[in-house]
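Student: okay, sequence plus prediction incoming.
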Amino acid sequence: MDKGIIAIDIDGTLADNSGGFQGETVIGDPLPGAKEFLQALHDDGWEIMIHTCRAAGVAAGWLADHGLYHDSVHGSDSTPGKPVAKIYLDDRGITFTGNFAAARKKINSFATWNGDDVDGEVEQRARMRAVMRAAWPIKVRR
Ligand SMILES: [Mg+2]
C-alpha cells in the first residue's frame with residue numbers, strides 16, 4: 001500500500017546530535033531504533049525521503065554506512081525548493097495548528113527534544129544561506 005512520501009531529517013531525528021554540529025561530514029551514530037523505524041515505515045507503505053541540511057552525498061554515505069533504508073535523499077545541494085511530502089519528521093519542526101499566536105509562542109520557546117543548541121550551527125547556517133543565494137536571485141534576510 002502506497003501511503004505517500006515522508007520526509008525525515010537526520011541530525012537529532014535519525015542520528016545522535018548530542019555533540020552538536022561538528023562539521024559537514026561528521027554525523028553521529030544512528031539513534032537506537034532508527035534502523036528498525038525506517039524499515040517499519042517502509043513495510044507500512046511509506047516512501048522514505050531523507051531530508052537534510054547536509055549535502056545529499058554526505059547523507060547518502062552515512063545512510064549506506066549504517067544500512068538505513070531510504071528511497072531518496074534531498075540535501076542542501078539538491079534541487080532548490082521544498083520537497084513534496086505528506087509528512088515531515090524533524091527534531092526542529094513545529095506543527096502549525098491554524099493559530100498564529102500559538103505558533104509564535106511555540107517558536108519563541110522552542111527547544112529540541114535533546115536540548116540540542118539551535119544557535120550553535122553557525123557554519124551550517126552560513127553554508128545554507130550561500131546555497132540559497134546561489135539558487136534564488138532574491139535577497140535572503142540575515
Ligand atoms: Mg535535525
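Tutor: Perfect, thanks for sending it. Quick caveat, the model's predicted, so the values are computed rather than measured.
Student: C-alpha only now, for contacts and for neighbours.
Tutor: Fine.
Student: G12 contacts D91, doesn't it?
Tutor: Yes. Between G12 and D91 there is a contact under Cα atoms under 8 Å: 5.8 Å.
Student: and these two? Which one has more around it.
Tutor: G12 (22 against 18; other Cα atoms under 10 Å).
Student: can you name the residues that contact the more buried one?
Tutor: Shown in contact with G12 (Cα atoms under 8 Å, 6 or more residues apart in numbering): 18, 90-91, 114, 116.
Student: biggest separation within these, which pair?
Tutor: Largest separation among those by Cα to Cα: S18 and D90, giving 15.1 Å.
Student: of these two, who's got more company?
Tutor: With neighbours defined as other Cα under 10 Å, S18 and D90 compare such that D90 has more, 18 against 13.
Student: ok, for the more buried one, nearest residue in space, not its chain neighbours?
Tutor: Counting by Cα to Cα, 6 or more residues apart in numbering, D90 lies nearest to D9, which is 5.0 Å off, once chain neighbours are set aside.
Student: got phi/psi on that neighbour?
Tutor: Here is the backbone geometry of D9 (degrees, to the nearest 10): phi -70, psi 160.
Student: was I right to think H70 contacts E36?
Tutor: No. Contact between H70 and E36 fails when scored by Cα under 8 Å: they sit 11.9 Å apart.
Student: okay, those two: which has more neighbours?
Tutor: H70 (19 against 12).
Student: return the residues of this protein in contact with the ion.
Tutor: Within the chain, the residues that sit near the ion (Cα under 5 Å from the ion) are 11-12, 91.
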